[in-house]
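Novice: Quick one, structure for this:
(one chain, ligands or ions: 1)
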Amino acid sequence: MRKDRFIKEWGHDPYYEGRKYPEGTFCPDCGAIHRQGRWTWPEGESPGGEPHLCPACRRIKEDYPAGELYITGSYLDEHRQEILNLVQNIAEEEKRRSPLKRIMAIEEEGDGLRITFTDDHLARRVGEALYRAHRGELEMKYSEGSRFLRLSWRREVP
Ligand SMILES: [Zn+2]
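Specialist: Numbering: from 1, shown residues only. Next up, the predicted model:
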């Protein structure tokens with residue numbers, strides 16, 4: 001039941017990643033190509049299909065993230081660069097694998113950082129990596145009925 005409902009909802013979701021496009025459809029913003037049912041980076045071939053924004057570029061354009069991570073706590077002051085490096089390394093690695101997994105923005109918010117993502121799995125992977133590497137406290141919550149994932153991580157220095 002629950003699964004059916006989600007599938008229907010995703011069908012109306014303009015960011016739905018399972019939507020099918022003709023082979024060779026390409027994203028005019030990032031250059032990703034829709035090939036064999038999914039968005040991938042081109043491997044030297046020219047697109048040849050119609051232009052169509054990929055779900056990630058669409059999210060970026062409309063400022064509609066799939067996930068966000070808040071990083072707070074006094075630990076951040078001393079370890080800011082380390083934390084940012086970790087976040088960016090993971091994001092680079094995932095982006096190489098899939099054009100749909102990207103960081104949208106890293107912003108200062110209050111005394112913390114807010115990072116937004118085009119993909120909820122990427123948000124989760126970054127949050128969990130942060131927790132593994134730096135301990136602290138990690139909370140995550142999906143918004144009811146949607147795939148929006150909100151994570152927060154904090155660590156205070158005693
Ligand atoms: Zn794109």
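Novice: surely Tyr131 meets Trp153?
Specialist: Yes. Counting by Cβ atoms under 8 Å, Tyr131 does reach Trp153; the two are 6.4 Å apart. In this view, the C-beta of every residue, glycine as well, is placed from N, C-alpha and C.
Novice: higher neighbour count, those two?
Specialist: Trp153 (26 against 16; other Cβ atoms under 10 Å).
Novice: Confirm for me that the more buried one is in contact with Arg135.
Specialist: No. Between Trp153 and Arg135 there is no contact under Cβ under 8 Å: 9.9 Å.
Novice: rewinding a little: tell me, what's touching Tyr131 and Trp153 both at once?
Specialist: Leu138 (Cβ atoms under 8 Å, 6 or more residues apart in numbering).
Novice: quick one, helices of the protein?
Specialist: 2-11, 55-62, 75-97, 120-134 (DSSP state H).
Novice: mind checking which of the ones you listed is nearest Pro22?
Specialist: Each of these was scored for nearness to Pro22 using Cβ to Cβ, and the closest is helix 55-62 (16.1 Å).
Novice: in that closest one, what's buried?
Specialist: 55-60 (16 or more other Cβ atoms under 10 Å).
Novice: and of those residues, the nearest to the ion?
Specialist: Cys57 (3.2 Å; Cβ to the ion).
Novice: got the contact list for that closest one?
Specialist: 27, 29-30, 32.
Novice: hmm, try it at 7 Å
Specialist: Residues near Cys57 by Cβ atoms under 7 Å, 6 or more residues apart in numbering: 27, 29-30.
Novice: Look up how far His52 lies from Ser46.
Specialist: 16 Å (Cβ to Cβ, to the nearest Å).
Novice: out of those two, which sits in the more crowded spot?
Specialist: His52 (15 against 9).
Novice: ok, for that one, nearest residue in space, not its chain neighbours?
Specialist: Thr25 (5.0 Å; Cβ to Cβ, 6 or more residues apart in numbering).
Novice: Quick check: that neighbour touching Gly49?
Specialist: Yes. Using Cβ atoms under 7 Å, Thr25 is in contact with Gly49, at 4.3 Å.
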